[in-house]
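Asks: sequence unknown, structure follows:
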């Protein structure tokens, strides 16, 4: 795979990096080496190998929900908020 200077500059821009000309050249060589190393995986015969989706068994651990006493009272928290509506703290839209 050919790594072009424009590709490195694009990646640097996306990463908000400022690179000197020497760093761009070095990074290009490093990326070529990394891609060459990873491309060795293409040579492996994986015909008889099942895909691995999970390397260890995972189970959801469920616990009973318990309401614990809180030091803060609802009214006190509402007083601390900038704005409330219908007895709830109103926050700005995220979307």
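Replies: All right, it came through fine. In this text, all values refer to a predicted model and were calculated from it rather than measured experimentally. Residues are numbered from 1 along each chain as shown.
Asks: Need phi/psi at residue 26.
Replies: Main-chain dihedrals, residue 26, degrees, to the nearest 10: phi -60, psi -40.
Asks: Show me where the chain has its strands.
Replies: For the chain, the strands identified by DSSP state E occupy 84-85, 88-89, in order along the chain.
Asks: Go through these and name the closest to residue 16.
Replies: Residue 16 sits nearest to strand 88-89 of all those, at 33.8 Å, using CB to CB. From N, CA and C alone the C-beta is placed, and that goes for glycine too.
Asks: And the contacts of that closest one?
Replies: With CB atoms under 8 Å, 6 or more residues apart in numbering as the contact definition, strand 88-89 has outside contacts at 77, 78, 81, 83.
Asks: burial of the closest residue to the last one other than its chain neighbours, as a residue count?
Replies: Spatial nearest neighbour of residue 83, chain neighbours left out: residue 90 (4.4 Å); criterion: CB to CB, 6 or more residues apart in numbering. Residues lying near residue 90 (other CB atoms under 10 Å) number 10.
Asks: Just read off the phi/psi values of the spatially most central residue of the chain.
Replies: In the chain, the C-alpha closest to the average C-alpha coordinate belongs to residue 15, at a distance of 13.6 Å (CA atoms, centre = their mean). Phi and psi for residue 15, reported as degrees, to the nearest 10, are phi -90, psi 0.
Asks: what residues are up against it?
Replies: In this structure, residue 15 makes contact with no residue, judged by CB under 8 Å, 6+ apart.
Asks: what about it, distance to residue 29?
Replies: Taking CB to CB, to the nearest Å as the measure, residue 15 falls 18 Å from residue 29.
Asks: Same question for residue 77.
Replies: In this view, residue 77 and residue 29 are 57 Å apart by CB to CB.
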